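Visitor: below is the sequence, then the predicted model.
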There are 2 protein chains.
Amino acid sequence: MMRTRPLKVALLGCGVVGSEVARIMTTHADDLAARIGAPVELAGVAVRRPSKVREGIDPALITTDATALVKRGDIDVVIEVIGGIEPARTLITTAFEHGASVVSANKALLAEDGATLYAAAEQHGRDLYFEAAVAGAIPLIRPLRESLAGDKVNRVLGIVNGTTNFILDKMDSSGAGYSEALDEATALGYAEADPTADVEGFDAAAKAAILAGIAFHTRVRLDDVYREGLTEVTAADMASARRMGCTVKLLAICERAADGQSVTARVHPAMIPLSHPLASVREAYNAVFVEAEAAGQLMFYGPGAGGSPTASAVLGDLVAVCRNKLAEATGPGESAYTQLPVSPMGDVVTRYHISLDVADKPGVLAQVATVFAEHGVSIDTVRQQGKDGEASLVVVTHRAPDAALSGTVEALRKLDTVRGVASIMRVEGE
Amino acid sequence: MMRTRPLKVALLGCGVVGSEVARIMTTHADDLAARIGAPVELAGVAVRRPSKVREGIDPALITTDATALVKRGDIDVVIEVIGGIEPARTLITTAFEHGASVVSANKALLAEDGATLYAAAEQHGRDLYFEAAVAGAIPLIRPLRESLAGDKVNRVLGIVNGTTNFILDKMDSSGAGYSEALDEATALGYAEADPTADVEGFDAAAKAAILAGIAFHTRVRLDDVYREGLTEVTAADMASARRMGCTVKLLAICERAADGQSVTARVHPAMIPLSHPLASVREAYNAVFVEAEAAGQLMFYGPGAGGSPTASAVLGDLVAVCRNKLAEATGPGESAYTQLPVSPMGDVVTRYHISLDVADKPGVLAQVATVFAEHGVSIDTVRQQGKDGEASLVVVTHRAPDAALSGTVEALRKLDTVRGVASIMRVEGE
């Protein structure tokens, strides 16, 4: 039975994602109505530049006063695709206060201050959905919050930034260096003019915070996430990874500690074996690998960004939130009951791949090996290579706390026989 | 705020999946309670053999009278992991009549008569959840029903049977024939003593029916699904696939017709390019590739069977259904509003890879090509190979209706110069 009075939707932001949301709401109105059980109506669109021509959107709906729009009182659902911390946060909490549920794609805000949003949603008995905030169209938040709600997630390992995956894939397939690959990504529209948020790992770190919080039922904020970008990954690192049967990916890694009493979240480039399902994720695609106690190893793959894919995620949430509204119910809220603390990077147990430039003389390996031993780090393999009085040593360690590994590197730098540490990269996914 | 009165759960069936569900309900009781907002209690377990020792389950809960259990009236959720059509169907509808919601892993029943179950659930205002019915632990039903509820799915392409994927992977990696690979699958416990349901594609066809119905918001039953097993796939087919840069997978394929006015569902072995994400799905893993209008190409990957993975899916549903119960709401019910008809296999547009044994004399290729032309089937490539007066022709066609392709093959068989049709296989995923 179809309700005839439409549910009213306010759209905050009408850029690449917002305009696509508006377009699909119009072109697929009948399908949305059938799936929700009531028609949905675009009741207002808040934008910064009202003069811009927006095809398919009634100009009467356009406003620059987002605050007045969310305060109207007749809005059932607010879709927030503005991004950034403010005014998005205030608009969302105001929307809850005025009776609306919220669908957001705002990863930065959720990672920075998700708790405030959740609390406001709960206080006013409204929904906060944000599938689009992580990995675009890939269903990930819902599977983690709902499908795996009866399981215990131990690890999330994800390629959650398309720009950096495009760059690394290009470096891997063509032997290009970082700058060259970045230029190509920029030329093809995969990287923004200022690529900092992507290449320094800020974007991935926000997603890691969101994923870790949901996966482990605790609170993880952006500041809790260790972060290294990929600007220092070289063609030599790529070649070295290949020699080990690996490739390099910028990974967001969320882990439950072995004792179960804490969690960690981090973003950094890492070598992963070519046999790992994430290794074959090409171009700007995203994929997230989840290890759960009962389910085993799952992977979710798809386009991680772009107007249409992100709109797909937003609209899936819109349908769910509208259904909840009609049923006078709400979906899952914040689940942070475990209150597991987030441990610092030094506590993470991982492996290092270290390239050293060393003096080509006897005894160097013994000196280097002693430094590892003194720091309690066990060596898996060493490869020595000499050329013209120079030599290089490539050491791959066994698993050890990151603090011990970085302490080892610091001590190695002080050795007279070590001329330089050419690169350090973690090895994951084994 | 936690409700203290527990929700009562009745478990029907206590085999590989049921015992794992019971175990996790006990060992993870606190987590489940925190996530649901109320404790859950195992209130009864219906089994066929009550004398069997069942570790960790209070013997007082065991009963052989499943009907009496679902009729008790105090049961909030019935978990059905018996399988088969009856008594499962009657037990589920009886459960709804007596106020319980149902979580089921029963693919056969859902594919055969899902409409009856949905109708009973709706009539009594209860939930019917069945994530575990398709592809074990892989979240698939929920993403299709909810995450993609705002999108338009055009195609679902899946490896949904682990046994057959193990066999084909073995044939591909070792060059083994079908029987040899089946023997290994049996020895390792991947194939049952009677592997018919798996190798003849019945299991995959049931899953295809369920997926097609949900993806296209219409009703698709097992009888609507075209089905071919993999028993006739040979080592030569595998080698031929490799030469084309392909591998062979048993695929469940659900498609919306180009004109959008009908759908098709089928299960058969097919060649897919090695570059396709499904090509690298190894061993007994499952993966489902979804193409949606806005989301683009998504893939869901994981273990498709086994006690623990299936239990994970069941428990995720249990949490959702319990939350709904507490909120006095229900989740999404049947969505079959499009009422799109299911077209027969002859209407499917696909490509064929055909191996012919032909006489090694001039003019054969011309004769063969004429037959293709007469049936309106355009040839993509032909490879001729001669040896000792015998010759083989391998023809790969362009896309054409399956009826035209099979008509072509029938006519080829009648040619004097064609000694036999060595193999026919569809080519997909391009």
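Guide: The structure has been received and is ready for your questions.

Visitor: show the pLDDT at the closest residue to residue A:104 other than its chain neighbours.
Guide: If the residues on either side of it in the chain are set aside, residue A:104 comes closest to residue A:80, at 4.4 Å by CB to CB, 6 or more residues apart in numbering or on different chains. C-betas here are computed from N, CA, C, even on glycine. The score at residue A:80 is 98. That number is its pLDDT.

Visitor: kindly report the same for residue A:390.
Guide: pLDDT, read off for residue A:390, is 79.

Visitor: contacts only, for the closest residue to it other than its chain neighbours.
Guide: Nearest residue to residue A:390, sequence neighbours excluded (CB to CB, 6+ apart): residue A:360, at 6.0 Å. Residue A:360 makes contact with A:386, A:389, A:390, A:391 under the criterion CB atoms under 8 Å, 6 or more residues apart in numbering or on different chains.

Visitor: for stretch A:105-120, buried residues please.
Guide: Neighbour-count burial for stretch A:105-120 flags A:105-112, A:114, A:117-120 (criterion: 16 or more other CB atoms under 10 Å in any protein chain shown).

Visitor: please work out the average pLDDT along that stretch.
Guide: 97.

Visitor: close to chain B, is that stretch?
Guide: No: contact between stretch A:105-120 and chain B is absent, the nearest approach being 13.1 Å (criterion: CB under 8 Å from any CB of the partner chain).

Visitor: how is the residue in the stretch 51-200 of chain A that chain B sits nearest to assigned, secondary-structure-wise?
Guide: Nearest residue of the stretch 51-200 of chain A to chain B, counting by CB to the nearest CB: residue A:150, 2.4 Å away. In terms of secondary structure, residue A:150 is coil; the call rests on DSSP: H, G, I helix; E, B strand; the rest coil.

Visitor: quick check: phi and psi on it?
Guide: When read as degrees, to the nearest 10, the backbone of residue A:150 gives phi -100, psi 10.

Visitor: closest residue of the stretch 251-400 of chain A to chain B?
Guide: residue A:315 (2.4 Å).

Visitor: mean confidence for the helix or strand that residue falls within?
Guide: In the assignment (DSSP states H and E), residue A:315 maps to helix A:307-326. The average pLDDT for helix A:307-326 rounds to 96.

Visitor: so what's the gap between it and the chain middle?
Guide: 20 Å (CA atoms, centre = their mean, to the nearest Å).

Visitor: run through the neighbouring helices and strands of whichever helix or strand comes after it.
Guide: Under the assignment DSSP H and E, the closest C-terminal helix or strand after helix A:307-326 is strand A:349-359. Counting contacts by 3 or more CB pairs under 8 Å, 6 or more residues apart in numbering or on different chains; DSSP states H and E, strand A:349-359 is packed against helix A:235-243, helix A:364-374, strand A:390-397, strand A:400-401, helix A:402-413, strand A:418-427.

Visitor: next, the buried residues of the second one.
Guide: Of the residues in helix A:364-374, those scored as buried under the neighbour-count criterion (16+ other CB under 10 Å) are A:364, A:368, A:371, A:372.

Visitor: for residue A:240, give me its contacts.
Guide: A:353, A:355, A:394, A:423.

Visitor: now the buried residues of helix A:364-374 as a markdown table including distance to chain B?
Guide: Putting the buried residues of helix A:364-374 into a markdown table (distance: CB to the nearest CB, whole Å) gives the following:
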| residue | distance to chain B |
| --- | --- |
| A:364 | 41 |
| A:368 | 38 |
| A:371 | 40 |
| A:372 | 35 |
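
Visitor: just name the closest of those residues to residue A:331, please.
Guide: residue A:372 (50.3 Å; CB to CB).

Visitor: gap between the closest one and residue A:406?
Guide: Counting by CB to CB, to the nearest Å, the separation of residue A:372 from residue A:406 is 13 Å.

Visitor: ok, now residue A:45?
Guide: 50 Å.

Visitor: residues in contact with the residue of the stretch 51-200 of chain A closest to chain B?
Guide: A:294, B:24, B:28, B:32, B:35, B:312, B:314, B:315, B:316, B:317, B:318, B:319.

Visitor: and residue A:23, by the same measure?
Guide: Here residue A:23 is in contact with A:56, A:311 (CB under 8 Å, 6+ apart).

Visitor: follow-up on the earlier one: top of the contacts of residue A:240 by number of neighbours, please.
Guide: residue A:353 (23 neighbours; other CB atoms under 10 Å in any protein chain shown).

Visitor: pLDDT score for that residue?
Guide: 96.

Visitor: same thing with residue A:400?
Guide: Model confidence at residue A:400 (pLDDT) stands at 97.

Visitor: which SS state does the closest residue in space to it that isn't next to it in sequence fall under?
Guide: For residue A:400, ignoring the flanking residues on the chain, the nearest one in space by CB to CB, 6+ apart is residue A:377 at 4.5 Å. Assigned by three-state DSSP, the conformation of residue A:377 is coil.

Visitor: just to revisit the earlier point, the residue of the stretch 251-400 of chain A closest to chain B and residue A:22 touch, don't they?
Guide: No: if you go by CB atoms under 8 Å, residue A:315 and residue A:22 don't touch, sitting 10.6 Å apart.

Visitor: compare neighbour counts for the two and give me the winner.
Guide: residue A:315 (30 against 23).

Visitor: about what we covered before: only the buried residues of the helix holding residue A:315, if you could.
Guide: A:307-325.

Visitor: tell me what that helix is packed against?
Guide: Using 3+ CB pairs under 8 Å, 6+ apart, helix A:307-326 sits against strand A:7-12, helix A:16-27, helix A:29-36, strand A:77-80, strand A:101-104, strand A:128-129.

Visitor: who has more neighbours out of residue A:45 and residue A:406?
Guide: Between residue A:45 and residue A:406, counted using other CB under 10 Å, residue A:45 has the larger neighbour count: 27 against 15.

Visitor: for that one, what are its contacts?
Guide: Per CB under 8 Å, 6+ apart, neighbours of residue A:45: A:10, A:11, A:14, A:18, A:22, A:54, A:57, A:61, A:62, A:63.

Visitor: farthest-apart pair in these, please.
Guide: The most distant members of the contacts of residue A:45, if one measures by CB to CB, are A:10 and A:54, lying 15.2 Å apart.

Visitor: ok, the two, which is more surrounded?
Guide: Per other CB under 10 Å, whichever of residue A:10 and residue A:54 has more neighbours is residue A:10, with 26 against 18.

Visitor: chain B contacts on the stretch 201-350 of chain A?
Guide: Residues of the stretch 201-350 of chain A lying near chain B (CB under 8 Å from any CB): A:217, A:277, A:280, A:292-303, A:306, A:308-309, A:311-320, A:323-324, A:327-330, A:332, A:335, A:337-338.

Visitor: now do the phi/psi pair for the nearest residue to residue A:167 once chain neighbours are set aside.
Guide: Once flanking residues are discounted, residue A:167 sits nearest to residue A:181: 4.4 Å by CB to CB, 6+ apart. Per-residue torsions, residue A:181: phi -70, psi -40 (degrees, to the nearest 10).

Visitor: so residue A:181 sits right up against residue A:170, yeah?
Guide: Yes: if you go by CB under 8 Å, residue A:181 and residue A:170 touch, sitting 4.1 Å apart.

Visitor: the lowest-mean-pLDDT helix or strand in chain A: which residues count as buried?
Guide: The weakest-scoring helix or strand in chain A, judged by mean pLDDT, DSSP states H and E, is strand A:379-387 (a mean of 87). Applying a neighbour-count criterion of 16+ other CB under 10 Å, one finds residue A:379 buried in strand A:379-387.

Visitor: okay, now the sheet partners of it, with direction.
Guide: Partners of strand A:379-387 in the sheet, by DSSP bridges, are strand A:390-397 (antiparallel).

Visitor: now the partner strand and helix A:364-374, what's the angle there?
Guide: Interaxial angle of strand A:390-397 relative to helix A:364-374 (axes from the mean of the first three to the mean of the last three CA atoms, to 10 degrees): 30 degrees.

Visitor: many thanks, have a good one.
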